[in-house]
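S.K.: Fold the following for me, if possible:
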Amino acid sequence: MKSYRIFLLVIISTSIIGCAGKLQYFPPQTNPTLNNEVTINKSKEDVWKYLIPMLGKQFYVINNLDKNSGIINVSYGGDPEKYVDCGRIYSYVKNAQGERTYDFPASKENQTYEVMDLERGHGLIFYNRKMNLEGRLNIVVEEISSNQTKLTINTKYILTRNISARKVNSKFPSTLTDTISFNSGRKNSFTNPGNQQQTECQPTGHLEEDILSLLTGLQK
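M.R.: Predicted coordinates for the structure are as follows:
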């Protein structure tokens, strides 16, 4: 029995010594850019007639139209990775099963990964991380002259993060769901548990640019 206990202690000690982990967060490397307007050498009527059908063919939901004021309200819902930059997450794990490295955009729609948390004594933790974006866009079609129209897009970004974490010796995960919002050209941050660095998020500008690109055919 004594020999068995010594053998068991050796195995446990070896397992602990052989474990390693590193978790890093890298915030966005640039400031948010804002390219949300364009002037077109066409009448407001021509722009309106062209833009509405084009929006309907895309993945946007048209919520409201007011031709007199020139306001179109549309929304986007789904994968945020193209439209929001939340930096990157890097995790390195080493244990008896080998070495694993995870390196992914923090705005990725769905990501599973592992973290070896030895500092706080939690050991190996399995994460399932989900991100969802709701973009609410106000498109303003403004008449400048009889043959010139300005299009301006203002977006409110609503970003929801859901994190499910499960320790290696537990069947029951803990979950965290939180939401932040910011406007075109602005940024905001998720507050993380403990002393972890906040997750910064900002628009890439592609959501506004995708709308503006619909007018390419009208400008020819």
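S.K.: Every contact and neighbour count from this point should use C-alpha atoms.
M.R.: OK.
S.K.: Looking at the protein, which strand is longest?
M.R.: Assignment by DSSP state E gives strand 123-145 as the longest strand of the chain.
S.K.: Relative to the whole chain's centre, how far out is that strand?
M.R.: The chain centre lies 7 Å from the centre of strand 123-145; the measure is C-alpha atoms, centre = their mean, to the nearest Å.
S.K.: Can you work out which other helices and strands pack against that strand?
M.R.: helix 44-57, strand 71-78, strand 110-117, strand 148-167 (3 or more C-alpha pairs under 8 Å, 6 or more residues apart in numbering; DSSP states H and E).
S.K.: Kindly reformat those as CSV containing mean neighbour count.
M.R.: Output for the helices and strands packed on strand 123-145, formatted as CSV (neighbours: other C-alpha atoms under 10 Å):
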stretch, mean neighbour count
helix 44-57, 15
strand 71-78, 18
strand 110-117, 19
strand 148-167, 19
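S.K.: for those, which one sits closest to Thr30?
M.R.: Comparing the helices and strands packed on strand 123-145 against Thr30 with C-alpha to C-alpha, the closest turns out to be strand 148-167 (18.1 Å).
S.K.: Determine the angle, from 0 to 180 degrees, between that closest one and strand 110-117.
M.R.: Per axes from the mean of the first three to the mean of the last three C-alpha atoms, to 10 degrees, the angle that strand 148-167 makes with strand 110-117 is 40 degrees.
S.K.: Pairing partners for the longest strand of the chain, with directions?
M.R.: Counting by DSSP bridges, the strands paired with strand 123-145 are strand 71-78 (antiparallel), strand 110-117 (antiparallel), strand 148-167 (antiparallel).
S.K.: contacting residues around the residue nearest in space to the middle of the chain?
M.R.: Centroid-nearest residue in the chain: Ser107, 2.7 Å away (criterion: C-alpha atoms, centre = their mean). Ser107 makes contacts with Pro80, Glu81, Val84, Asp85, Cys86, Gly87, Met131, as judged by C-alpha atoms under 8 Å, 6 or more residues apart in numbering.
S.K.: The second one contacts Pro105, doesn't it?
M.R.: The one in question is Glu81. Yes. Glu81 lies in contact with Pro105 (C-alpha atoms under 8 Å); the separation is 7.5 Å.
S.K.: want to try CSV for the strands paired with strand 123-145, with distance to Thr216 as columns?
M.R.: Listed next are the strands paired with strand 123-145 as CSV, based on distance: least, C-alpha to C-alpha, whole Å:
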stretch, distance to Thr216
strand 71-78, 18
strand 110-117, 33
strand 148-167, 13
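S.K.: between those, which gets nearest to Asn64?
M.R.: Of the strands paired with strand 123-145, nearest to Asn64 by C-alpha to C-alpha is strand 71-78, at 5.1 Å.
S.K.: Contacts made by whatever helix or strand comes next after that closest one with the rest, please.
M.R.: Sequence-wise, the next helix or strand downstream of strand 71-78 (DSSP states H and E) is strand 84-85. Outside strand 84-85, the residues that touch it by C-alpha under 8 Å, 6+ apart are Pro28, Pro105, Ala106, Ser107, Cys201, Gln202, Pro203, Thr204.
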